[in-house]
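Asker: this is a predicted model, with the sequence first.
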Amino acid sequence: MTEKKKGKAENQKTEYPEVMTIEQLSGYLQLHKQVIYRHIRSGNIPVSRIGATIRFKKSVIDEWLEDSALRSLQKSREAKREVSYPSFNPEED
């Protein structure tokens, strides 16, 4: 691996603390801060409040992401099952 590729790979392995600020979570989820604030207001993202301060626990966020992915997968599978295809009966022709 070239030095340039090694540096790039190391930059992508950014370590995030167990308790994150909105800026850190923004980097972790690769979302704009305003998108995160929108999810906070709608109650979609797990958040901890310490007075007016907002913090996010990495392990809780990871679990939330995993649960969200599983729910999405289940909905996708259910939608595929609900699709009804017309039956073919050669005797009807």
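Answerer: Yep, that arrived.

Asker: confidence score at Glu63?
Answerer: Looking at Glu63, its pLDDT is 95.

Asker: you'd agree it is in a helix?
Answerer: Yes - the assignment for Glu63 by DSSP: H, G, I helix; E, B strand; the rest coil puts it in a helix.

Asker: and it, how many neighbours?
Answerer: 12 (other CB atoms under 10 Å). All C-beta spots, glycine's among them, are computed from the backbone N, C-alpha and C.

Asker: show me the contacts for it.
Answerer: By CB atoms under 8 Å, 6 or more residues apart in numbering, the contact list for Glu63 is empty.

Asker: roughly how far apart are it and Ile45?
Answerer: 12 Å (CB to CB, to the nearest Å).

Asker: next one: Ile36
Answerer: As judged by CB to CB, Ile36 and Ile45 stand 7 Å apart.

Asker: so how far is stretch 28-35 off the chain centroid?
Answerer: 11 Å (CA atoms, centre = their mean, to the nearest Å).

Asker: what does it rub up against?
Answerer: By CB under 8 Å, 6+ apart, the list of residues contacting stretch 28-35 reads 16, 20, 22-23, 26, 36, 58, 61.

Asker: so what would you say the end-to-end distance of it is?
Answerer: 13 Å (CA to CA, to the nearest Å).

Asker: list the buried residues for that stretch?
Answerer: By 16 or more other CB atoms under 10 Å, the buried positions in stretch 28-35 come out as 28-29.

Asker: could you do stretch 54-70 as well?
Answerer: Of the residues in stretch 54-70, 54, 56-57, 61 count as buried by neighbour count, 16+ other CB under 10 Å.

Asker: what's the answer for stretch 37-50, then?
Answerer: In stretch 37-50, counting by 16+ other CB under 10 Å, buried: 39-40, 45, 47.

Asker: would you reformat the residues you listed as CSV and include pLDDT and secondary structure?
Answerer: CSV is the format used below for the buried residues of stretch 37-50 (pLDDT from 0 to 100; DSSP: H, G, I helix; E, B strand; the rest coil):
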residue, pLDDT, secondary structure
His39, 95, helix
Ile40, 95, helix
Ile45, 95, coil
Val47, 96, coil
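
Asker: distance to Ser72 added to the residues you listed, as TSV?
Answerer: Supplementary listing: those in TSV, determined by distance: CB to CB, whole Å:
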residue	distance to Ser72
His39	15
Ile40	20
Ile45	15
Val47	21
